[in-house]
Structure formats: C-alpha cells, structure tokens
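Enquirer: sequence unknown, structure follows:
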C-alpha cells in the first residue's frame with residue numbers, strides 16, 4: 001500500500017493524505033486526519049522511511065560515538081548508563097540511535113570516516129579528548145554535541161561538575177574526622193584529570209603537602225587497580241580513608257579490603273564517584289558522588305535536536321551530589 005493508493009482509495013489528493021499522516025506541514029481538519037489514519041491502519045499502509053528521509057532531508061537518526069572508539073569506553077557501565085538515557089529520550093521522539101559496529105585500532109581513520117559519513121542528522125560524542133582531528137567534520141556544519149570531555153569551545157558540551165564532586169567527596173571524609181586520606185585516580189581523560197587536580201588542591205589546602213604514596217594513578221583496568229589497592233592497604237601506615245576516581249576503583253578497593261580482613265567502614269572508609277549500578281549492588285552499599293548522567297544524556301539529545309532545527313546550543317555544567325551510604329564513617 002503506497003501513499004498514492006491510499007489517496008485514491010479515499011478520493012483525496014496525495015498531498016492532503018501526506019499532511020494528515022505527518023501532521024503537517026499544512027493543516028488538515030481533524031475529521032480528514034482521522035479518516036486518513038483509520039484508513040491507513042485498516043489498509044496496512046506503512047510510511048517508507050527512506051522516502052521520508054529524502055523528502056524531509058532528515059534521517060531521524062543520531063549517531064553515538066565514544067572516545068577514540070575505545071572498546072573499554074563503549075563497554076563501560078558509564079557508557080551503558082548514558083546510552084540507556086539516550087535510548088529512552090530518542091524513543092520518545094521517534095529517533096533512531098546509530099552505534100559503531102566495530103573497533104579496529106589499525107584502521108582508526110577509516111573507521112572514523114565511515115562513521116561520520118553515515119546517514120544521520122547529528123552526532124553525540126562521549127568523552128572526546130581532542131577535537132582537532134574532527135576539524136573537517138566540524139567544518140561541514142554537521143550537528144555535534146559532546147557529553148563530558150573537552151570540547152575546546154568548538155562544539156557544545158554537557159558536563160558534570162567534576163571538580164565540585166571531588167571536593168564534596170574530600171569534604172565528606174574530612175568532616176567525618178579523617179586526616180589520612182588516600183586517592184586512587186586516573187589521568188586518562190578530561191573528567192578524571194579534573195577530579196585529580198581538585199583532590200590535589202584540597203589536600204594542599206588542608207594538609208600543606210601531599211603524600212605521594214597515597215595519591216596514585218590507578219588507571220581504569222580492574223586487575224592493575226587491584227594490585228595498586230593491595231599495595232596501598234598493605235602499608236604499615238595505611239590511610240583511614242580512600243577516595244576513588246570512580247565506582248569501579250572503589251569496588252576494587254573494597255575487594256582488597258575484604259581479602260586483607262580490613263573492616264569497612266570500621267577500619268577503612270571508601271568513597272567512589274559516578275553512582276552507577278555497581279555502587280548500589282555491592283554487599284556494602286557504596287558512598288559515592290552522583291554524576292547526573294541521565295540529565296546529561298537528556299540535555300545532549302535535546303541539544304542535538306535543537307541544532308538539527310538550526311538553533312544554537314550553549315555549554316552546560318550540571319551539579320554533582322553526595323550519596324552517603326554504608327562505606328564511610330568516622331576513623332577508628
């Protein structure tokens with residue numbers, strides 16, 4: 001059943017039927033619209049998405065590209081949390097989401113070109129580190145927006161207040177009475193570097209100096225994190241509290257504390273960052289900093305939709321908050 005056949009069956013023009021089916025751009029009466037929709041349902045008419053995209057020059061599809069096409073980013077709980085929120089809002093607005101179908105580090109440029117030449121209306125970038133390599137894409141005027149990461153002012157970005165969140169975590173531990181505070185962090189991306197610098201500033205402000213043995217770049221892979229945490233908690237002068245760059249690192253610290261017979265929070269307080277699924281599912285629920293991931297993803301989808309409609313979009317920084325659970329208490 002084509003739109004022409006539907007129009008003929010109803011003795012209406014193709015344009016009138018099209019306006020009724022698409023709710024515009026020209027108005028039709030409620031009676032005609034109902035007549036067309038009822039007939040379309042009865043006769044089995046389905047719109048042709050390819051024809052519609054050609055007619056409206058829109059694919060109703062947005063692309064989602066993680067930082068540097070790294071599998072570790074794409075498969076992380078962080079990306080899953082972001083995608084869940086993007087899917088929800090995209091479905092609400094009848095949008096499709098295109099994901100990378102593969103990762104080949106030896107053909108990075110080819111993979112990138114393949115993605116950016118896909119038939120989409122715009123792209124949401126996750127954790128972009130450098131946009132200089134995307135200059136040609138930006139120059140095309142294709143709608144782009146970044147979730148987290150450093151956009152260099154070249155495209156709009158949606159960020160959490162990472163510095164404020166790290167400061168909240170430190171102040172929570174300090175307020176409980178901890179003075180022997182360690183930090184397991186990472187300098188792999190902009191967000192984690194901002195948290196790292198915020199913690200260092202806090203330590204310098206409160207303590208005057210930083211114990212290099214207690215401020216460690218743990219990276220983001222679980223096994224190396226376990227090794228670093230084991231070395232830290234085996235020290236004779238071990239800290240009474242550990243701040244972690246994210247909830248995965250915090251989970252590793254809790255695992256090592258359990259293996260070493262260190263009671264949490266009686267003998268050791270642990271605080272994470274993100275408030276992803278792992279924070280709530282651990283045997284001892286994790287105190288953490290909530291990163292407003294659903295709100296960030298929602299703002300990104302709305303921002304890309306606004307850009308597609310030709311509207312300008314500004315950067316946005318959303319607040320973080322402390323979620324106090326069972327892994328922090330005053331020091332022994």
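Expert: Sure thing, it's come through. Keep in mind that this is a model prediction, so the values were computed, not measured.

Enquirer: please, where are all the strands along the stretch 51-200 of the chain?
Expert: In the stretch 51-200 of the chain, the strands defined using DSSP state E, counting those that start in this stretch lie at 61-66, 96-98, 122-126, 144-147, 157-160, 181-185.

Enquirer: check the offset of stretch 23-42 from the chain's centre.
Expert: Once both centres are worked out by C-alpha atoms, centre = their mean, to the nearest Å, stretch 23-42 turns out to sit 39 Å from its chain's centre.

Enquirer: quick check: mean pLDDT of it?
Expert: Averaging pLDDT along stretch 23-42 gives 87.

Enquirer: buried ones in that stretch?
Expert: 28, 32-33, 35-36, 39-40 (16 or more other C-beta atoms under 10 Å). In this view, the C-beta of every residue, glycine as well, is placed from N, C-alpha and C.

Enquirer: correct me, but residue 219 touches residue 187?
Expert: No. With contacts counted by C-beta atoms under 8 Å, residue 219 stays clear of residue 187, the gap being 9.1 Å.

Enquirer: neighbour count winner among these two?
Expert: Neighbour count, other C-beta atoms under 10 Å: between residue 219 and residue 187, residue 219 has more, with 18 against 13.

Enquirer: OK, contacts around the closest residue to the more buried one other than its chain neighbours?
Expert: Spatially, and ignoring its direct neighbours in sequence, residue 219 is nearest to residue 186 (5.8 Å; C-beta to C-beta, 6 or more residues apart in numbering). Applying C-beta atoms under 8 Å, 6 or more residues apart in numbering to residue 186 gives the contacts 192-193, 196, 217-220, 245-246, 249.

Enquirer: between the residues you listed, which is nearest residue 151?
Expert: If you rank these by distance to residue 151 using C-beta to C-beta, residue 193 comes first, at 14.8 Å.

Enquirer: distance check, that closest one against residue 199.
Expert: As for residue 193, its distance to residue 199 is 11 Å (criterion: C-beta to C-beta, to the nearest Å).

Enquirer: the more surrounded of these two?
Expert: With neighbours defined as other C-beta under 10 Å, residue 193 and residue 199 compare such that residue 199 has more, 23 against 16.

Enquirer: what mean pLDDT does the lengthiest helix in the chain have?
Expert: Ranked by residue count under DSSP state H, the longest helix found in the chain is helix 190-207. In this model, helix 190-207 has an average pLDDT of 94.

Enquirer: same check on stretch 134-143?
Expert: Rounded mean pLDDT across stretch 134-143 is 80.

Enquirer: do stretch 315-323 as well
Expert: Computed over stretch 315-323, the average pLDDT equals 97.

Enquirer: quick one: contacts for residue 10?
Expert: The contact partners of residue 10, by C-beta under 8 Å, 6+ apart, come to 17, 35-36, 39.

Enquirer: now tabulate those in CSV and tack on distance to residue 312 and secondary structure.
Expert: Below are the contacts of residue 10 laid out as CSV (distance: C-beta to C-beta, whole Å; DSSP: H, G, I helix; E, B strand; the rest coil):
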residue, distance to residue 312, secondary structure
17, 36, helix
35, 40, helix
36, 36, helix
39, 41, helix
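
Enquirer: CSV for those, including distance to residue 230?
Expert: CSV is the format used below for the contacts of residue 10 (distance: C-beta to C-beta, whole Å):
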residue, distance to residue 230
17, 69
35, 72
36, 68
39, 70
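
Enquirer: looking at these, spot the one nearest residue 123.
Expert: Among those, residue 17 lies closest to residue 123 (C-beta to C-beta), at 33.8 Å.

Enquirer: right, I'll call it a day here.
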